Each structure stands twice: as structure tokens, then as C-alpha cells.
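J.: only geometry, no sequence info:
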């Protein structure tokens with residue numbers, strides 16, 4: 001982690017207090033957009049690597065992590081998220097940035113580029129889809145069919161659902177099932193996954209469901225050919241949350257997009273392939289001149305005294 005670090009809250013007009021933290025220095029900035037129900041756990045290794053050369057912004061969506069909810073709790077969804085990011089970037093002193101999106105954060109990054117293209121210098125889209133995520137979860141329609149029942153239950157019995165969710169996700173069994181079924185336990189440290197379960201266990205289920213509903217209806221498919229910034233798509237070949245064919249399709253429809261397919265990666269590929277992802281991202285940023293120019297050191301006695309009067 002860079003020595004340059006600060007954290008703060010920004011209260012937006014509808015009352016939501018949004019948490020954000022900034023580390024490092026250098027333009028363009030790097031903005032990390034999380035997945036649904038996440039508070040930044042997946043950026044554990046990539047964030048400090050980026051902070052060596054960039055001002056890195058991590059922030060929490062409404063009702064996620066340390067961020068609060070708006071006065072009107074129905075103001076949850078993709079359009080509010082993009083408005084929030086626009087304001088948080090201002091608060092962090094970042095004019096333009098490379099947007100990093102993981103899972104649902106890919107939709108956030110794409111929608112933000114559609115609405116605020118002048119603020120986006122590049123995109124790194126990790127283990128996510130361009131939209132309608134319930135249609136392809138586990139490469140099937142089951143969750144989409146169940147969602148109306150899930151939504152009804154959560155909206156009508158939020159306290160009971162919260163208690164049940166907290167009890168289930170706080171058990172070691174939940175972590176073991178995830179490592180065995182959803183993740184590649186041979187590549188992943190258990191300690192890297194614990195923060196995700198700790199956050200999800202204590203999240204307001206109503207906020208979760210309303211955020212999911214918005215992401216389930218959002219679709220940036222028609223915007224893909226209009227993406228006019230350098231784009232790197234990263235996918236895990238064994239990802240069950242977001243099947244790899246979605247990443248291939250997304251990369252094929254974004255002009256000039258590059259694709260990194262990790263052969264045994266899952267939905268948390270940045271944790272499983274930490275060094276590979278860091279190297280590829282570093283190369284991508286360098287090749288597209290998305291890193292700050294190196295500091296120019298005086299080469300002569302005249303230049304030295306000019307630099308230090």
C-alpha cells in the first residue's frame with residue numbers, strides 16, 4: 001500500500017453517505033468498481049500494485065461496506081451508482097481514470113463510460129458481463145426464475161432473512177462449499193475469501209436484492225461498439241458466476257479490446273492469478289500510455305540548478 005492514503009465519506013444529495021479511500025498518486029487515476037455484495041476484497045493485490053504509479057480510488061456502493069443508504073431506500077440501482085461515482089471522483093480529485101470493474105462492476109464501468117465518456121481513459125473488465133446477469137448465472141435460467149420469489153421474501157420478511165443469511169454465511173461450511181464448488185481452492189488462499197463472507201453476512205438483504213434487480217435489467221450490449229478507449233477483458237475459464245463465453249463475446253464487440261483468459265481461473269481470478277493479472281494489467285497500461293510519464297531528472301549542472309533554485 002502506498003504511503004499516500006486517505007479515506008473519507010461523501011454525502012450525496014439524497015442522503016447516502018458514501019465511503020471512499022484514495023491511495024497513491026499519478027494520473028490518470030485508477031477507479032475500482034466492485035461486484036454485487038462486495039466491498040473491495042478482490043482488489044487486495046492489484047490495488048497496491050496500481051498505487052505505485054496511479055491515484056487509486058476504491059469506494060463502496062450504496063448499502064455496501066461502509067456506505068450508507070439514501071433517505072428513500074428505493075433509490076438503489078445502476079443510474080444512482082453512476083451518479084455516485086461521478087461525484088466521488090470529484091471528491092477524490094480524479095478528473096479522468098482507467099475504470100476497473102469486477103463482476104457487476106463491469107456493468108457499472110460500461111454504463112459510466114456511456115454516460116460520462118470524457119472521464120474514462122481506459123477499461124479493465126474482470127470476470128463480468130455487459131448486462132442482464134440473471135440470464136447467464138451458472139449458464140442457466142434457474143436464478144432468474146427464482147428471483148421473483150427471492151425478492152418477495154426479502155421485501156416482506158427482511159429481518160428474518162437477515163438473521164438467516166447471517167447465520168448461514170458465518171459458518172465455516174459456507175466458506176468450504178464456496179472453495180469446493182465455485183472457486184479454485186488450489187490457487188486461492190482461504191484468508192483472501194473470508195472478508196467477502198464477513199461483509200455479505202452483515203449486508204442488508206433488501207439493498208442486496210434491489211441492487212441485483214437493477215443489474216438484472218441493465219444491459220450495455222448496444223454500447224459495446226461505441227467504447228472508444230483501450231479495453232482489457234479478463235476472464236476465468238472456470239467462472240460459473242459469469243461464464244467465460246460472455247467475456248469472449250464482450251471483447252469481440254468492443255473495438256480493439258484485448259482478452260486475457262485464465263485457464264483455471266474462476267470468478268475471483270484476480271486473487272487466484274494475482275501475479276499474472278498484475279503483469280498483464282501493467283503491460284496493458286504501459287502499451288496504451290495510461291501510466292504517468294517518468295519523472296525527468298536533470299542531466300546537466302545547468303538543469304540541476306534550474307530545477308532547484
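T.: Cool, got the structure. These numbers were taken from a predicted model, which means no experiment stands behind them.
J.: Nearest spatial neighbour of residue 115, chain-adjacent residues omitted?
T.: The shortest distance from residue 115 to any non-neighbouring residue, by C-beta to C-beta, 6 or more residues apart in numbering, is to residue 82 (5.4 Å). C-beta here means a position set from N, CA and C on the backbone, and glycine is covered the same way.
J.: tell me what the one helix or strand the one you found maps to is packed against?
T.: In the assignment (DSSP states H and E), residue 82 maps to helix 78-92. Here helix 78-92 touches strand 5-11, strand 17-23, strand 29-33, strand 56-59, helix 104-115, going by 3 or more C-beta pairs under 8 Å, 6 or more residues apart in numbering; DSSP states H and E.
J.: Just the residues contacting that helix, thanks.
T.: 8, 10, 12, 16, 18, 20, 22, 29, 31, 33, 55, 57, 59, 61-62, 70, 95, 97, 107-108, 111-112, 115-116, 119, 214-215, 218 (C-beta atoms under 8 Å, 6 or more residues apart in numbering).
J.: so where do the strands sit in the protein?
T.: 5-11, 17-23, 29-33, 56-59, 97-102, 120-126, 231-236, 258-262 (DSSP state E).
J.: Got the confidence number for the nearest residue to residue 258 once chain neighbours are set aside?
T.: With sequence-adjacent residues excluded and distances taken as C-beta to C-beta, 6+ apart, residue 258 is closest to residue 232, at 5.0 Å. Looking at residue 232, its pLDDT stands at 98.
J.: what's across from residue 232 in the sheet?
T.: residue 124, residue 258 (DSSP bridges).
J.: wouldn't it be in contact with residue 286 here?
T.: No. Using C-beta atoms under 8 Å, residue 232 is not in contact with residue 286; the gap is 11.9 Å.
J.: For residue 157, grab the count of nearby residues.
T.: 13 (other C-beta atoms under 10 Å).
J.: Read off the pLDDT value for it.
T.: Residue 157 is assigned a predicted lDDT (pLDDT) of 97.
J.: and if you look at residue 1?
T.: 46.
J.: Check residue 41 too.
T.: What the model reports for residue 41 is a pLDDT of 96.
J.: Could you do the one 5 residues further on as well?
T.: Looking at residue 46, its pLDDT reads 97.
J.: Against residue 289, how distant is it?
T.: Applying C-beta to C-beta, to the nearest Å, the value for residue 46 to residue 289 is 20 Å.
J.: Settle it for me: which of the two has more neighbours?
T.: Ranked by neighbour count (other C-beta under 10 Å), residue 46 and residue 289 place residue 46 first, with 23 against 12.
J.: wait, isn't that one in contact with residue 271?
T.: No. Residue 46 is beyond contact range of residue 271, at 9.3 Å (criterion: C-beta under 8 Å).
J.: Comparing residue 232 and residue 286, which residue is more hemmed in?
T.: Neighbours were counted for residue 232 and for residue 286 using other C-beta under 10 Å; residue 232 has more, 25 against 11.
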